[in-house]
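Asker: Predicted structure and sequence below. I'll ask about it afterward.
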Amino acid sequence: MKTKKGFTLTEILIAAVIVAILGGVAIPQVSKAKARASAAQAVAYLRNIKTSEKMYYAKWKNYVGVANAAAVKAALGVDAQSKDYNFSIVASTATNTFTATAAKKTGVAADKITLDQDGTFTAGGTESTYKPAN
């Protein structure tokens, strides 16, 4: 008698179910890791903006406000290009303060991370999970 080699249908189905379960667990974790990495990049850009604003202030005795990443680069020399975040700076000459904001391009309007002239981070929406320590 010949013995057949190979897998039975049951064995293949069990393997497929195990792979599906592992995928169901892994995919959300990968998405969260990507979001954390993107937020960490935004925080790094905000820190670079703060440093450049301080240098600008030392020279001109005021902070500069800009509306987008291209203007940030033109005014401060900081390349804050991100596929996930829009960057802007609101500056007040009356109080000598600024707030740099990284707002998430997709999602809720409250999803943003801000940094002020004192180095204080605030975060809103789902981004509050990624708020760095000062």
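Answerer: That came in fine, so what should we check first? Residues are numbered from 1 along each chain as shown.

Asker: need the strands for the chain, in chain order.
Answerer: For the chain, the strands identified by DSSP state E occupy 85-92, 97-104, 112-116, 121-124, in order along the chain.

Asker: buried stuff in the first one?
Answerer: For strand 85-92, a neighbour-count test (16 or more other CB atoms under 10 Å) marks 85-89, 91 as buried. (C-beta placed from N, C-alpha, C; glycine too.)

Asker: Adding pLDDT and distance to residue 67, write those residues out as TSV.
Answerer: As requested, those are arranged in TSV below (pLDDT from 0 to 100; distance: CB to CB, whole Å):
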residue	pLDDT	distance to residue 67
85	95	14
86	95	9
87	96	9
88	96	5
89	97	8
91	96	11
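
Asker: Now that we have these, can you turn them into a markdown table and tack on distance to residue 53?
Answerer: Below are the buried residues of strand 85-92 laid out as a markdown table (distance: CB to CB, whole Å):
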| residue | distance to residue 53 |
| --- | --- |
| 85 | 18 |
| 86 | 18 |
| 87 | 12 |
| 88 | 13 |
| 89 | 7 |
| 91 | 8 |
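
Asker: Roughly how far does the residue most central in space within the chain sit from residue 103?
Answerer: Nearest residue to the geometric centre of the chain (CA atoms, centre = their mean): residue 39, 2.1 Å. Summarising the geometry, the distance separating residue 39 from residue 103, computed by CB to CB, to the nearest Å, is 12 Å.

Asker: Can you name the two of the buried residues of strand 85-92 that sit furthest apart?
Answerer: Using CB to CB, those reach their maximum pairwise distance at 85 and 91, which is 19.1 Å.

Asker: Give me the contacts around the worst-scoring helix or strand of the chain on mean pLDDT.
Answerer: The helix or strand of the chain with the poorest confidence is strand 121-124; it has a mean of 90 (mean pLDDT, DSSP states H and E). The set of residues external to strand 121-124 that reach it, using CB atoms under 8 Å, 6 or more residues apart in numbering, is 43, 46, 110-115, 129-132, 134.
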